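[1] Task: produce atomic coordinates for the following.
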Amino acid sequence: MTDHLHLSGVSHGYGDRELLHNVDLSIGHGEHVAIVGENGAGKSTMLRLLAGVETPDDGTAGLLGHPGYRVGYLAQTHGFSESQTVGDAIDTSLASLRSLEARIAELESGLADADAEELDLYGSLHTEYQLREGYAAESRVEAALDKLGLGGLDRRRTLGSLSGGEQERVALACLLADPAEALLLDEPTNHLDADGTAWLESRLAAHRGTVVVVSHDRVLLRKVATTIIEVDAERRTVNRYGNGYEGYLREKAAERARWIQEYDQWLDAMAAERLQAATVADGMGYGRKRDNDKMAFGFKTGTWQSAAASKVRNAQERLRRLEENPVDRPPVPLKLAAPLRAAAVTESPSAPALEASGVSIPGRLNPTDFRVETGQKVLITGPNGAGKSTLLSVLAGTLKPAAGTVTVSGKVGYLQQELDVPARPGLRLLPAFAAGLGGNIDDHAEGLLRLGLFRPAEFHVPVGGLSAGQQRRLALARLLLGGYRTMIVDEPTNHLAPVLVEQLEAALASFEGTVVIVSHDRALGEWFDHSASNHARTATGSWVRYGMRGGQLL
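    Numbers count the residues shown, from 1 in each chain. I've put the predicted structure just below:
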């Protein structure tokens, strides 16, 4: 089949900010592709263009091929109305399949008198229905809901009565109930636990059609994607890499090494030509004639000066050609580099950083006692709905328990899983970062720049125009530079580029204060267990992992 998704001469952006410039891209039927790149580079934008839900400013985008080729798209936020019920959402997702069922039933009722054309139509529709496994659609919905932690969900419930994560999981189940030939998914694992993510990986890996996924999940990238497409934020274009995610990492490292070498060679060549021209020119002003060889001096000097002038011109010409064909300076990758320092301890060193006694919330959190020692690193894992985020909200003081008490020592910072919509979307990034922190705006700019999560050009972008990943980075920056003694972090890897996730792990490991993390990220869990093992051997801190299920800390 020659159907494929494409971008042809596409340039696209928002306001005066262009994200993609004259981009050409083709994704063939059956390819399994991951789109990666820095937060805000345009990954979600490119997925919307490929899905046909957004039209490029210039060029063409979307699907080439047979008009019957279907494209299924999962955005980071579902497109259903919150007044719709779960059943309404399922009916909408299965509408084309049910229309096909109705047409087949209509033709079946008149098969006795059908002509050859109607029989051919019936046969083709029946074949399509079988290929789409229409008979199993309802069971696929139930299986998907169950695997995604929503088994037994009442279809009469409105979407507005569900949490944001539950709504997104319903949307994912609907997409996979009648999977299109091409599946385009934007950060599908953000609201999935480990079991749900593993199930999704197997579904995507087994899909015989096209898969295009934007994801920060390093395990999913390794298991699902055979091709990596990187959105280059600096050049506003895209690059394709084969051999899966590991091949992409190797090729990126080699590519950058070659680029640095070419840039250094260009700088060296420029310096050499300047030095050549300057050295020869300086020599032209020197020379001493001898009294008994005046005529010879004039002849030799004239000849030498003519040759020297020619050398200068040649060097200047080579320099001009080098300047006209520069090698771009390799961009400095964003790197979370600032050391994290905990606030000074003013209480007794033996006092716990956090202590919860008998805290509970009916239906969400069973009576819980929880003590976190100063300097501890704690990871809490568990399935969706286990009460992990509820516990963090109680510890952070943003949710009051129905019973029990929470005692904290020192300043506590909290990064919640779902960020609020910016109250002032027109506010620029730097003032938004500095809001409520006091001090001088220039000092805040210097601190934010040292942290490495944003470039200076982004300081003036309105927060309402930031991508989900950039919003996450802004909240993370406020947490990391807030001078907290204890940091409570809910799903820290959501929306972050994989490279930044690895740097965040290193920063948290080196943090001298206390850290409590909730995460379903399997790679982060592996990092935590490895770090716990290393720290246990060196006796440099306490790393503890807890499980949670049914509102109970295990």
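
[2] Find the nearest non-adjacent residue to residue 84, please.
    residue 159 (5.5 Å; Cβ to Cβ, 6 or more residues apart in numbering). C-beta coordinates here come from the backbone N, C-alpha and C atoms, glycine included.

[3] Tell me who's in contact with that neighbour.
    Contacts for residue 159 (Cβ atoms under 8 Å, 6 or more residues apart in numbering) come out as 78, 80, 81, 82, 83, 84, 85, 86, 89, 167, 170.

[4] So which of those is the closest to residue 253?
    Nearest to residue 253 out of those is residue 78 (Cβ to Cβ; 37.3 Å).

[5] just to confirm, which helix or strand has the residue lying closest to that closest one once chain neighbours are set aside in it?
    Once flanking residues are discounted, residue 78 sits nearest to residue 171: 3.8 Å by Cβ to Cβ, 6+ apart. Per DSSP states H and E, residue 171 falls inside helix 164-177.

[6] and that helix, which residues are buried?
    Neighbour counts over helix 164-177 (16 or more other Cβ atoms under 10 Å) mark 165-177 as buried.

[7] Just give me the longest helix of the protein.
    Using DSSP state H, we find that the single longest helix of the chain is helix 244-283.

[8] what residue ranges in the stretch 451-554 of the chain score low on pLDDT?
    For the stretch 451-554 of the chain, the stretches with pLDDT under 70 are 536-541.

[9] can you pull out the helices in it?
    With DSSP state H, counting those that start in this stretch as the criterion, the stretch 451-554 of the chain has helices at 468-480, 498-510, 522-538.

[10] Generate CSV for those, with mean neighbour count as supplementary columns.
    What follows is the helices of the stretch 451-554 of the chain, written out as CSV (neighbours: other Cβ atoms under 10 Å):
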stretch, mean neighbour count
helix 468-480, 21
helix 498-510, 18
helix 522-538, 15
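
[11] and of the ones you listed, who's closest to residue 32?
    Each of those has some distance to residue 32 by Cβ to Cβ; the shortest is helix 498-510, at 17.3 Å.

[12] angle of the closest one against helix 522-538?
    Going by axes from the mean of the first three to the mean of the last three Cα atoms, to 10 degrees, helix 498-510 is angled at 30 degrees with respect to helix 522-538.

[13] just how off-centre is helix 498-510 within its chain?
    Its chain's C-alpha centre and that of helix 498-510 lie 14 Å apart, by Cα atoms, centre = their mean, to the nearest Å.

[14] Between helix 468-480 and it, find me the angle.
    10 degrees.

[15] and the angle for helix 498-510 with helix 244-283?
    90 degrees.

[16] Just list whatever residues bridge to the residue lying closest to residue 412 once chain neighbours are set aside.
    Excluding its sequence neighbours, the residue lying closest to residue 412 (Cβ to Cβ, 6+ apart) is residue 486, at 4.7 Å. Per DSSP bridges, the residues bridged to residue 486 are residue 412, residue 514.

[17] what's around residue 486, how many residues?
    As a burial measure, residue 486 scores 27 neighbours (other Cβ atoms under 10 Å).

[18] rewinding a little: what's the longest helix of the chain packed up against?
    Contact here means 3 or more Cβ pairs under 8 Å, 6 or more residues apart in numbering; DSSP states H and E; on that basis helix 244-283 packs against helix 218-224, strand 227-232, strand 237-241, helix 294-324.

[19] among these, which is nearest residue 405?
    Nearest to residue 405 among the helices and strands packed on helix 244-283 is helix 218-224 (38.6 Å), distances taken as Cβ to Cβ.

[20] Can you pull out the low-pLDDT segments for the protein?
    Where the chain drops to pLDDT under 70, the residues are 1-3, 65-66, 281-305, 331-349, 536-541.

[21] got the domain boundaries for it?
    Listed by automatic domain parsing, the domain ranges of the chain are 68-242, 252-324, 354-553.

[22] Would you agree residue 217 is in contact with residue 521?
    Yes - with contact defined as Cβ atoms under 8 Å, residue 217 and residue 521 form a contacting pair (6.8 Å).

[23] Identify the contacts common to those two.
    Among the neighbours of residue 217, those also in contact with residue 521 (Cβ under 8 Å, 6+ apart) are residue 493.

[24] more neighbours, the two?
    Under the criterion of other Cβ under 10 Å, the comparison of residue 217 against residue 521 puts residue 217 first, with 28 against 25.

[25] For that one, grab phi and psi.
    With angles defined as degrees, to the nearest 10, residue 217 sits at phi -80, psi 110.

[26] residue contacts, it?
    Residue 217 sits next to 189, 197, 493, 521, 522, 523 when contact means Cβ under 8 Å, 6+ apart.

[27] Check residue 184 too.
    Under the criterion of Cβ under 8 Å, 6+ apart, the neighbours of residue 184 are 5, 47, 50, 51, 71, 72, 73, 74, 212, 213.

[28] I'm done for today, thanks for sticking with me.
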